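In: let's see this in three dimensions:
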Amino acid sequence: MLKNMSIRKRIVVMLAVVYVLSLVLAVGGGGYFLQQDVEREARQKTELFATVMSNAARYLHNVIRPKAEELVPEDAYFPEGSVGVIMLTEVARYIQQQYPEYIFRFASPNPLNPDNLSNDFEDKIIAGFEDGKYEAWQGFAERDGKKFYAVAKPLIAGSDCISCHDTPDVAHPSQVERYGTRSGYGYLEGDVVGARFIYVPTDVIQKEAIKRIMYFSAIFSVFFLLVLFAVDRFVVSSVVKPIEHIVDVAEDISRGKLDREFHVETNDEIKMLADAFDRMKVSLAKAMDILRQ
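Out: Reported below is the predicted structural model:
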């Protein structure tokens, strides 16, 4: 097929093939690295969210809880000032008002608050914590049909948890009245009772990565088209036109017009070809003179 094409067309076809292969490799490689960026950016966002919540927990434990215990009567029920799960859930709720796509939750197969009941995915992670399979977990997960990057850390029952989660008889009456007695009890100190999960959506990051690939492909295509145009102009001016000139002059000489000259301005192989034709023309002229004599 290429043998029946002109030099110009052959070069264009070859460059087009190089363009397609380069674009496939560039997009494929770029997609791989952009996917790594998606994971890195999602990890950074979850770590930022986790840092905010961890420091809020530290503030509760070090400042708010001691002050609440000092000011609030012993028989009063004020979990917002002493229970980390409640405080952090409320902090997360305020954050989610501005970033509704982010999810922060405490999940447990035996929660006091039914809203914190773990799903199948979270149960598997919590079971892994219980078995000592890992100390922390992170990776991709699906939730409500959406893809998230999630991180999880175990919730371990401490001594301050037992007063609320031992038995309904020991718990504060207001707590029993609010949450009932069906779930959230029977905790033992040191047990893994749940996990803290942070979900960061990857859809927005993924769309941004795809947009970057599209921009790159468009810029790459425009650049390659400019290169293709420049190469085409170079081939036409430096190869095609000189060869066409040589062919035209050679045809005239073959018809007896020995006054035609080969004019090639470059000093390359085409110039060598033109010089060879010049020598052939001189030899042809001498041979014709000999024949006439």
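
In: do a quick rundown of the helices in the stretch 1-150 of the chain.
Out: Using DSSP state H, counting those that start in this stretch, the helices assigned to the stretch 1-150 of the chain run over residues 7-59, 65-71, 84-98, 120-130.

In: of the ones you listed, which is nearest S254?
Out: Taking CB to CB, helix 7-59 is the member of the helices of the stretch 1-150 of the chain nearest to S254, at 22.1 Å. C-beta: built from backbone N, CA, C; applies to glycine.

In: who touches the nearest residue to P109 once chain neighbours are set aside in this structure?
Out: Distances taken as CB to CB, 6 or more residues apart in numbering place S118 nearest to P109, at 5.3 Å, with adjacent residues excluded. Residues near S118 by CB atoms under 8 Å, 6 or more residues apart in numbering: 107-109, 111, 126, 194-195.

In: now render the helices of the stretch 1-150 of the chain as TSV, adding mean pLDDT, distance to G184 and mean neighbour count.
Out: Output for the helices of the stretch 1-150 of the chain, formatted as TSV (pLDDT from 0 to 100; distance: least, CB to CB, whole Å; neighbours: other CB atoms under 10 Å):
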stretch	mean pLDDT	distance to G184	mean neighbour count
helix 7-59	76	19	14
helix 65-71	76	20	12
helix 84-98	78	10	15
helix 120-130	92	15	17
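
In: which one of those helices lies closest to F140?
Out: Short answer: helix 7-59, nearest of the helices of the stretch 1-150 of the chain by CB to CB, at 8.0 Å.

In: and the angle for the closest one with helix 84-98?
Out: 140 degrees (axes from the mean of the first three to the mean of the last three CA atoms, to 10 degrees).

In: and helix 7-59, what other elements does it pack with?
Out: Where contact means 3 or more CB pairs under 8 Å, 6 or more residues apart in numbering; DSSP states H and E, helix 7-59 is packed against helix 84-98, strand 137-143, strand 146-156, strand 192-201, helix 203-235.

In: what separates E135 from G194, distance-wise?
Out: 15 Å (CB to CB, to the nearest Å).

In: where does the stretch 51-200 of the chain dip in pLDDT?
Out: 74, 77-78, 80-82 (pLDDT under 70).

In: swap in 90 and give it another go.
Out: Residue ranges of the stretch 51-200 of the chain with pLDDT under 90: 51-107, 111-116, 131-136, 138-151, 153, 155-191, 196, 198-200.

In: about what we covered before: dump the helices of the stretch 1-150 of the chain into a markdown table; add distance to E269 as well.
Out: As requested, the helices of the stretch 1-150 of the chain are exported to a markdown table (distance: least, CB to CB, whole Å):
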| stretch | distance to E269 |
| --- | --- |
| helix 7-59 | 13 |
| helix 65-71 | 88 |
| helix 84-98 | 69 |
| helix 120-130 | 69 |
